[in-house]
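>>> got a predicted structure plus its sequence, pasted below:
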Amino acid sequence: MAAKLAIHGGKRTIPDGLIQPWPQVTQSDKDAIAEVIASERITEQQRIQSEGLVKEWAEYMGVQYCIPVNSGTAALHLCVAGVGIEPGDEVIIPAFTFWATAAAVLHHNAIPVFVDIDPVTYCIDPNEIEAKITERTRAVLPVHIHGMPADMDPILAIAKKHNLKAIEDVAQAHGARYKGKLCGAFGDAAGYSTQASKTLSSGCQGGLFTTDDEETYKRAALLQYFGEIVVPGREREEQEYNAYGLGWMYRGDMFSQAFIRSQLKRLDANNALRIENCNYLTKHLSELDGIETPFTPDGCKPVYYNYVVGFNPDALGLDISARTLRKKVQEALRAEGVPTGQWQRLPVPSQEIFQNRIGYGTGCPWRCNNSTVEYKTEDYPRAVEFIDSHCYVFDINPPNDLELMSYYVEAFHKVMDQLDAVLDAPVVS
Ligand SMILES: Cc1ncc(COP(=O)(O)O)c(C=O)c1O
């Protein structure tokens, strides 16, 4: 007889205390922070940690310039400003992402224009980009979402053909590769988040900007530091205190930088363990009717910031929506102790700010720039469908390993084998 489902009072599948949090904090991470605080002259650490991170991340990425900042959003704003976007310029971005991708464009008084996602990778669909290009388009900004590389070859070909800048949002994809090359090393500039949950984690907040172009770097560096040129290490009396333009205060802090530098030493090893976990899930969950597992196109090496699971009622001969199936199965899985959940609930263009076209004031940046760009949810059916029919399985990060993954698989089997009972249960949330 099948084991009683946890939603019906049965024993939960995942043993208590087995799931380990991310990021994994080792003794070397603690030592790295302790060294900062133990420093005789703590203010010098700001320069030491920042310069160390600049050197190490630029080396890892194989790029010329890096600027550590206080968030991924700030890093993306530096990209937008750095490549020379002007107020009212249009920047093409995917309809499914964290809205910070679009906020970085708005921060510079530019206008986001959304493109629907590819149904397989969930990244921007290159086939739909050209239809959105207008006289005002200046850049395309793909996002390597969930750690899956966007299809960079056609994206870069379109950018070249239309004389657009290419910016990469690598917030979720440190170490992911497209045709052998690291995501973030393709475009004119790239922004990375090192916020706690990310594949390169600061344990708190942070971001990184990279580029190979000197002009882009110089513009970004000004923007990052009040619009001033501040020479690290130089005494206060010898600094210029002269603003060359409008800038923000985007400096990163030394503790998170020390932590990132320590984590960076294990980035590839951590990615390899996460990939192993996710490949195991894919191998076993793909055996289940009605469950869809991630597809990796040839030449892509994703790093699985999130593990995405799709629900297909047609494959089960069920006359219910994918959304209903997802919610019912998720509820049962959660009761079994599997941490599943959703992230974005709306495509970005469906969110209030775009529906109302008011970023700040009475309608800027749209009204201030005479922009006629509009945002209709029906223009992004694949983003809507993705949100309805998919959820994430969390805690696939190391040090969690195949032991936990095998419990996840067991729980999926238990739930899907008793689907009638699962569908009968009322959905709580
Ligand atoms: C795709 C994407 N872009 C940008 C960001 C913004 O990064 P941060 O939260 O560090 O500002 C995030 C992170 O949450 C993200 O997931």
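Alright, I've got the coordinates.
>>> give me the number of residues near the residue in the stretch 251-400 of the chain positioned nearest to the ligand?
Per CB to the nearest ligand atom, Y305 is where the stretch 251-400 of the chain lies closest to the ligand, at 7.7 Å. Glycine gets a C-beta too; all of them are placed from N, C-alpha and C. Residues near Y305, counting by other CB atoms under 10 Å, number 24.
>>> same deal with the one 10 residues further on?
Taking other CB under 10 Å as the neighbour definition, A315 ends up with a count of 12.
>>> show me where the chain has its strands.
Listed in chain order, the strands found in the chain under DSSP state E are 65-69, 90-94, 111-115, 137-140, 165-169, 177-178, 181-182, 189-193, 207-211, 291-292, 300-301, 307-311, 340-341, 390-393.
>>> is the first one positioned near the ligand?
No. Using CB under 6 Å from any ligand atom as the criterion, no contacts between strand 65-69 and the ligand are found, and the smallest distance is 9.0 Å.
>>> from here on, count from 16
Shifting the count to begin at 16 puts that one at strand 80-84.
>>> average pLDDT for that strand, rounded please.
For strand 80-84, mean pLDDT rounds to 98.
>>> what helices or strands is it leaning on?
helix 57-76, helix 87-97, strand 222-226, helix 229-239 (3 or more CB pairs under 8 Å, 6 or more residues apart in numbering; DSSP states H and E).
>>> mind checking which of those is nearest the ligand?
Going by CB to the nearest ligand atom, the one of these nearest the ligand is helix 87-97, 2.5 Å.
>>> I'd say M76 and F201 touch.
No. Checked against CB atoms under 8 Å, the pair M76 and F201 is beyond contact range at 10.7 Å.
>>> give the contact list for the nearest residue in space to D166 that is not next to it in sequence.
Distances taken as CB to CB, 6 or more residues apart in numbering put P141 closest to D166, at 5.2 Å, once the chain neighbours are dropped. Residues near P141 by CB atoms under 8 Å, 6 or more residues apart in numbering: D133, D166, P169, I170, I173.
>>> quick check: the farthest pair among those?
The span of those, defined through CB to CB, is set by D133 and I173 at 14.1 Å.
>>> show me which residues of the stretch 316-444 of the chain sit near the ligand.
Residues of the stretch 316-444 of the chain lying close to the ligand by CB under 6 Å from any ligand atom: none are found.
>>> most packed of the strands of the chain?
strand 204-208 (a mean of 31; mean count of other CB atoms under 10 Å).
>>> packing partners for it?
Using 3+ CB pairs under 8 Å, 6+ apart: strand 204-208 touches helix 87-97, strand 180-184, strand 222-226.
>>> what angle sits between the second one and helix 229-239?
What separates the directions of strand 180-184 and helix 229-239 is an angle of 50 degrees, with axes from the mean of the first three to the mean of the last three CA atoms, to 10 degrees.
>>> run through who's touching strand 180-184.
87, 91, 94-95, 98-100, 106, 108, 112, 116, 153-159, 165, 170-171, 174, 198-199, 201-206.
>>> could you pick out the buried ones from the residues you listed?
With burial judged by 16 or more other CB atoms under 10 Å, the buried subset of these is 87, 91, 94-95, 98, 100, 106, 108, 112, 116, 153-159, 165, 170-171, 174, 198-199, 201-206.
>>> from those residues, which are also near the ligand?
Among the buried ones among the contacts of strand 180-184, the ligand is touched by G87, T112, T116, V158 when using CB under 6 Å from any ligand atom.
>>> ok, the residues you listed vs the ligand, which is closest?
Using CB to the nearest ligand atom, these come closest to the ligand at G87, 2.5 Å.
>>> so who does the closest one touch?
A115, D184, A186, G206, Y207, S208, T209, Q210, K213, G221, G222.
>>> go again with 7 Å.
Neighbour list for G87: A115, A186, G206, Y207, S208, Q210, G222 [criterion: CB atoms under 7 Å, 6 or more residues apart in numbering].
>>> between those, which sits nearest P38?
Nearest member of the contacts of G87 to P38, counting by CB to CB, is Q210, at 10.7 Å.
>>> let me know the pLDDT of that closest one.
98.
>>> my read: it touches H189, true?
No. Q210 is beyond contact range of H189, at 11.7 Å (criterion: CB atoms under 7 Å).
>>> of these two, who's got more company?
The neighbour comparison of Q210 against H189 (other CB under 10 Å) goes to H189, with 31 against 20.
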